[in-house]
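A.B. asks: Sequence and predicted structure, then a few things I'm wondering about:
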Amino acid sequence: MYYKSFVKHSIQSMMFSIITLMLFSCSKSKLEKSKGSTAAKAAKEMPVVKKTMNNSIAYLVSDIQLPFWGIMVKGVENAAVAKGYDLKVYSAGNVARDEIAFTVEAIKNGVKGIVVSPTNSSACVTILKLAKGAGIPVVISDVGTDGGEYVTYISSDNKGGAYKIGKVLSGKMIELGWNKGKVGIVAIPQKRLNGQARTAGFMQAMNEAGIKSVGMEQQVTFSEEETYNFAKNMIAENPDLRAIWLQGSDKYRGALKAIGEAGKTNEILLLTFDAEPEFIELIQNGTLLGSAMQQPYLMGQEAMLKLDDHLNGKEVLQIIGLPILAISQSNIKENLPVINERVLGNVSK
């Protein structure tokens, strides 16, 4: 009797252990499946970054078709080659959405660092956030940002440069007895920090001379036709207009065309910000009064060199300001070597 009871108890214990083991295995399987599902979801949401062994650098530029940016690309490129980096240039065509897409692509390709000349200051915040999340250092070359973390910001003294070219204009208007006349401004977008600085510096010079402005038009399409229409309307609506200042350089022909068609070639002065190769002749012959010239080649070169310093553990200043040249007939000859190299990028690779 005792033996039967013992056997019965043993069989029950064995069955209980088997059932317990089966339940535990099932529970474990479900838990592992659940964990796998969560991990798969997280992996899907996180960007996949390729681990590269090369020294790849990405340069995100607003629009390489604009001469200013093309020259800056040359500065970044030459410095990258000198330091042994592989550089890939992404041109956004001045479209912020495409710029963000290129940022994601560069991150997925596992670049060691990024140099960016953003489409605008607000878009740069997103670029910096994405790069920070991937642990990739960023150097900003021109335009600026509304926030975020970066290694350094290579900037031009936009306010100071605009002030200096404004003083050139006010001096000429006073010399001609036109200081009671007014000035029109064709501006780059004022949501850009550099645009705001240019306007502030120029208006400071105008206010000091007591010269009034007829207002400001902001570029949207960045086309020659747009500049032509802005200038044409300013001339038609303001008989006392004596000067037009362009906050860019490459669409100057539109303004010259409007002035010429109005028969006011000798009555309205034209000056710009930045420079084109033909400006050397146009300033010398008086077609243009002058221009506040940034040094895009030098800016691009410095941006890449500072990124290299950071990657090699060297300390880098967070903001580096480069001077702007206020060029007119009175000083263009003495500045030609600097203009040719640092402004126009006429250097060999």
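C.D. replies: It's in. Keep in mind that this is a model prediction, so the values were computed, not measured. Numbering: from 1, shown residues only.

A.B. asks: Residue ranges of each domain in this structure, please.
C.D. replies: Using automatic domain parsing, the domains assigned to the chain come out as 56-155+296-322, 158-293.

A.B. asks: Quick one: mean pLDDT for the last one?
C.D. replies: Read that as domain 158-293. Domain 158-293 comes out with an average pLDDT of 97.

A.B. asks: distance between the ends of it?
C.D. replies: With CA to CA, to the nearest Å as the measure, domain 158-293 spans 10 Å from end to end.

A.B. asks: Start the count at 59 instead of 1 going forward.
C.D. replies: Taking 59 as the first residue, the last one we looked at is domain 216-351.

A.B. asks: quick one: that domain to chain centroid distance?
C.D. replies: 23 Å (CA atoms, centre = their mean, to the nearest Å).

A.B. asks: For Pro395, which of the domains of the chain is the nearest?
C.D. replies: Closest to Pro395 of these, according to CB to CB: domain 216-351, at 11.8 Å. Heads up, the C-betas are built off the backbone N, CA and C, glycines and all.

A.B. asks: Helices along the stretch 159-308 of the chain, start to end?
C.D. replies: For the stretch 159-308 of the chain, applying DSSP state H, counting those that start in this stretch gives helices covering 179-191, 216-234, 251-267, 282-295.

A.B. asks: Would you format the ones you listed as TSV with mean neighbour count and distance to Asp200 included?
C.D. replies: As requested, these are exported to TSV (neighbours: other CB atoms under 10 Å; distance: least, CB to CB, whole Å):
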stretch	mean neighbour count	distance to Asp200
helix 179-191	19	11
helix 216-234	20	9
helix 251-267	20	7
helix 282-295	18	21
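
A.B. asks: quick one, which of those helices is nearest to Ala137?
C.D. replies: helix 179-191 (19.6 Å).

A.B. asks: export the closest one as CSV, just CAs?
C.D. replies: This file holds the C-alpha atoms of helix 179-191, laid out as CSV (Å, rounded to 0.1, in the frame of the first residue of the first chain):
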residue,chain,number,x,y,z
SER,A,179,19.7,79.9,-39.6
SER,A,180,16.6,78.0,-38.4
ALA,A,181,17.3,75.0,-40.7
CYS,A,182,20.8,74.8,-39.2
VAL,A,183,19.3,74.0,-35.8
THR,A,184,17.9,70.7,-37.2
ILE,A,185,21.2,69.9,-38.9
LEU,A,186,23.1,70.3,-35.6
LYS,A,187,20.5,68.2,-33.7
LEU,A,188,20.8,65.3,-36.1
ALA,A,189,24.6,65.5,-36.1
LYS,A,190,24.8,65.6,-32.3
GLY,A,191,22.6,62.5,-32.1
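
A.B. asks: what's the angle from that helix to helix 251-267?
C.D. replies: 140 degrees (axes from the mean of the first three to the mean of the last three CA atoms, to 10 degrees).

A.B. asks: got the contact list for the closest residue to Glu284 other than its chain neighbours?
C.D. replies: Nearest non-adjacent residue to Glu284, counting by CB to CB, 6 or more residues apart in numbering: Gln277, 6.3 Å away. Listed by CB atoms under 8 Å, 6 or more residues apart in numbering, the contact partners of Gln277 are Val244, Ala245, Ile246, Pro247, Glu284, Thr285, Gln305, Gly306, Lys309.

A.B. asks: go on, Ile194?
C.D. replies: Ile194 sits next to Ile165, Val169, Lys170, Gly171, Ile172 when contact means CB under 8 Å, 6+ apart.

A.B. asks: where does it sit relative to Gly171, distance-wise?
C.D. replies: Here Ile194 is placed at a distance of 6 Å from Gly171 (CB to CB, to the nearest Å).

A.B. asks: what do you get for Phe126?
C.D. replies: As for Phe126, its distance to Gly171 is 23 Å (criterion: CB to CB).

A.B. asks: now Leu186
C.D. replies: Note on Leu186: its distance to Gly171, by CB to CB, is 13 Å.

A.B. asks: Would you confirm that Asp204 contacts Thr184?
C.D. replies: No: using CB atoms under 8 Å as the test, Asp204 is too far from Thr184 to be in contact (10.1 Å).

A.B. asks: Next, the nearest residue to Ala137 once chain neighbours are set aside: phi, psi?
C.D. replies: Nearest non-adjacent residue to Ala137, counting by CB to CB, 6+ apart: Met362, 3.7 Å away. The phi/psi pair for Met362 (degrees, to the nearest 10) reads phi -70, psi -40.

A.B. asks: List the contacts of Met362.
C.D. replies: Here Met362 is in contact with Ile115, Gly133, Val134, Ala137, Ala138, Lys141, Tyr143, Val173, Val197 (CB under 8 Å, 6+ apart).

A.B. asks: For Ala313, state which of these is nearest.
C.D. replies: When those are compared against Ala313 (criterion: CB to CB), the nearest one is Gly133, at 27.7 Å.

A.B. asks: would you say the closest one is within a strand?
C.D. replies: No: if the criterion is DSSP: H, G, I helix; E, B strand; the rest coil, then Gly133 is helix and not within a strand.

A.B. asks: excluding its backbone neighbours, what's nearest it?
C.D. replies: Excluding its sequence neighbours, the residue lying closest to Gly133 (CB to CB, 6+ apart) is Gly358, at 2.7 Å.
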